[in-house]
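Student: structure for the following, please:
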Amino acid sequence: MKIPEIRAIARNRGLKLGVGGKAALIRAIQRDEGNFDCFGRADSNYCDQENCLWRADCLPAAKAMNKA
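Tutor: Numbering: from 1, shown residues only. Below you'll find the predicted structure:
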């Protein structure tokens, strides 16, 4: 999902958009949803949250963050 779409979701939830990247914005939305703010933090590239809106972007992000 692209940043403009993520920002729109945040605005629709009434979240204040601060400075930060994609991961920070998604984690703020996850907290607001009452979920774990785990975007990009999947250990061993594994996640059991099959219905997560962010899953398609999360696993590649986790893999990239683990390489760094």
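Student: what about the helices in this protein?
Tutor: For the chain, the helices defined by DSSP state H cover 3-12, 22-33, 55-67.
Student: pLDDT on the last one, on average?
Tutor: To tie it back to what came earlier, the one meant is helix 55-67. Averaging pLDDT along helix 55-67 yields 84.
Student: can you check what pLDDT the model gives the residue nearest to the spatial centre of the chain?
Tutor: Centroid check for the chain by CA atoms, centre = their mean gives Ile26 as the closest residue, at 3.3 Å. Confidence at Ile26, expressed as pLDDT, is 95.
Student: ok, it touching Ile6?
Tutor: Yes. With contacts counted by CB atoms under 8 Å, Ile26 reaches Ile6, the gap being 6.2 Å. Backbone N, C-alpha and C define where each C-beta goes, glycine included.
Student: Gly40 versus Cys52, what's the distance?
Tutor: 12 Å (CB to CB, to the nearest Å).
Student: surely Lys22 and Glu5 touch.
Tutor: No. Judged on CB under 8 Å, Lys22 makes no contact with Glu5 at a distance of 10.5 Å.
Student: which of the two has more residues huddled nearby?
Tutor: For Lys22 versus Glu5, neighbours defined as other CB atoms under 10 Å are more numerous around Lys22 (17 against 9).
Student: who touches the residue nearest to Asn66 when sequence neighbours are not counted in this structure?
Tutor: Spatial nearest neighbour of Asn66, chain neighbours left out: Asn45 (7.6 Å); criterion: CB to CB, 6 or more residues apart in numbering. Counting by CB atoms under 8 Å, 6 or more residues apart in numbering, Asn45 touches Leu59, Ala62, Lys63, Asn66.
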